[in-house]
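Enquirer: no sequence for this one, just the structure:
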């Protein structure tokens, strides 16, 4: 998704970002939850519905995306 909504969204850096190269930023805009790469704030943005965002976070906490 192009980052056309980010000027209206207030992105914040993830508290889990390590301060290195793996930082993401998140924002809420209307009902959407937005995520972008902090190194490329004008780049693409992922948009989640509230239910999909909750599911995504639950899967992260379960380690579903951890490297093998």
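Expert: It's in. All values derive from a computational prediction rather than experimental measurement.
Enquirer: Which of the helices or strands spans the closest residue to residue 10 other than its chain neighbours?
Expert: Spatial nearest neighbour of residue 10, excluding adjacent residues (Cβ to Cβ, 6 or more residues apart in numbering): residue 27 at 5.6 Å. Heads up, the C-betas are built off the backbone N, CA and C, glycines and all. According to DSSP states H and E, residue 27 maps onto strand 24-29.
Enquirer: what sits up against that strand?
Expert: With contacts defined as Cβ atoms under 8 Å, 6 or more residues apart in numbering, strand 24-29 is touched by 5-6, 8-14, 17, 33-38, 41.
Enquirer: ok, now with 6 Å
Expert: Here strand 24-29 makes contact (Cβ atoms under 6 Å, 6 or more residues apart in numbering) with 5, 9, 10, 11, 13, 14, 34, 35, 36, 38.
Enquirer: which of those residues are buried?
Expert: Neighbour counting by 16 or more other Cβ atoms under 10 Å classes 9, 11, 34, 35, 36 among the contacts of strand 24-29 as buried.
Enquirer: tell me the strands in this structure, going along the chain?
Expert: 12-13, 24-29, 32-37, 45-48 (DSSP state E).
Enquirer: In CSV: these, plus mean pLDDT and distance to residue 61.
Expert: Formatted as CSV, the strands of the chain follow (pLDDT from 0 to 100; distance: least, Cβ to Cβ, whole Å):
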stretch, mean pLDDT, distance to residue 61
strand 12-13, 88, 19
strand 24-29, 90, 15
strand 32-37, 92, 16
strand 45-48, 93, 15
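Enquirer: Show me the shaky parts of the chain.
Expert: Within the chain, the ranges that satisfy pLDDT under 70 run 1-7, 16-22.
Enquirer: again, only this time at 80
Expert: Along the chain, segments meeting pLDDT under 80 span 1-8, 14-22, 68.
Enquirer: Give me the most central residue, it.
Expert: Residue closest to the average C-alpha location in the chain (Cα atoms, centre = their mean): residue 35, at 2.2 Å.
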